[in-house]
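> What would the 3D arrangement of this be:
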Amino acid sequence: MGFWTAFLTTLGIIRRRVSILILGLDNSGKTTIIAHFIRASSVPAAPSPNSPPPIVPTVGFSLEKFDYENLNFTVFDMSGQGRYRELWKHYYDDTDGLVWVLDAGDKERMAVVRKELWTVLSHKVLQQKKIPIVFFANKMDLEGSLTPQECIAALGLEEIRDRTWNIMWVPLCGLE
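Numbering: from 1, shown residues only. Model prediction:
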């Protein structure tokens, strides 16, 4: 099973056009994960002597479109900076699935992550739609990072009973 097939199966989505909203706090790794998704979906190119451009923080949002296995993806990479989080709700209506990226090494902001997550989940549009969620616990290879089980407990994910969800863990170095 290919990466995208497994990903969509986890989200419970089977259709030709898929709109995904990627949320999480700033510096959690959202844009890096999207770049990895796009590389995984493309035909490998000849090696380039140039390094890939550095990933810079998203301002507002970034839109990525790509095709994979007869599916057309539209991915909204939303800035996680505090001043931009109010924009998130404007994209709930058109999303088929939610990806929440958290920095498992950033224990100090886990309470903020939990607050923002539950603010999103309690929004009336998402309450009605019950879209599936995949949580990416990013940077798991960093010393002192929370384990997936600790992330589940810190965010209160066991309380999510009204929709499909799953957690995946990602080593930062594995995506760079």
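> Any figure for the gap between residue 82 and residue 155?
18 Å (C-beta to C-beta, to the nearest Å). No exception for glycine: its C-beta is placed from N, CA and C like everyone else's.
> So those two - more neighbours on which side?
Per other C-beta atoms under 10 Å, whichever of residue 82 and residue 155 has more neighbours is residue 155, with 23 against 11.
> How about the contacts made by the closest residue to the more buried one other than its chain neighbours?
Distances taken as C-beta to C-beta, 6 or more residues apart in numbering place residue 114 nearest to residue 155, at 4.9 Å, with adjacent residues excluded. By C-beta atoms under 8 Å, 6 or more residues apart in numbering, the contact set of residue 114 is 154, 155, 156.
> What does residue 114 show for phi and psi?
Residue 114 adopts backbone torsions of phi -60, psi -50, taken as degrees, to the nearest 10.
> What separation is there between it and residue 67?
35 Å.
> what do you get for residue 131?
22 Å.
> Can you list the buried residues in stretch 163-170?
Buried positions in stretch 163-170, judged by neighbour count with 16 or more other C-beta atoms under 10 Å: 165, 167, 168, 169, 170.
> For the second one, give me its contacts.
Spelled out, that is residue 167. 134, 135, 136, 137, 148, 151, 152, 157.
> if I look at it, how far off is residue 155?
9 Å.
> intersection of neighbour lists for the two?
Common neighbours of residue 167 and residue 155 (criterion: C-beta under 8 Å, 6+ apart): residue 135.
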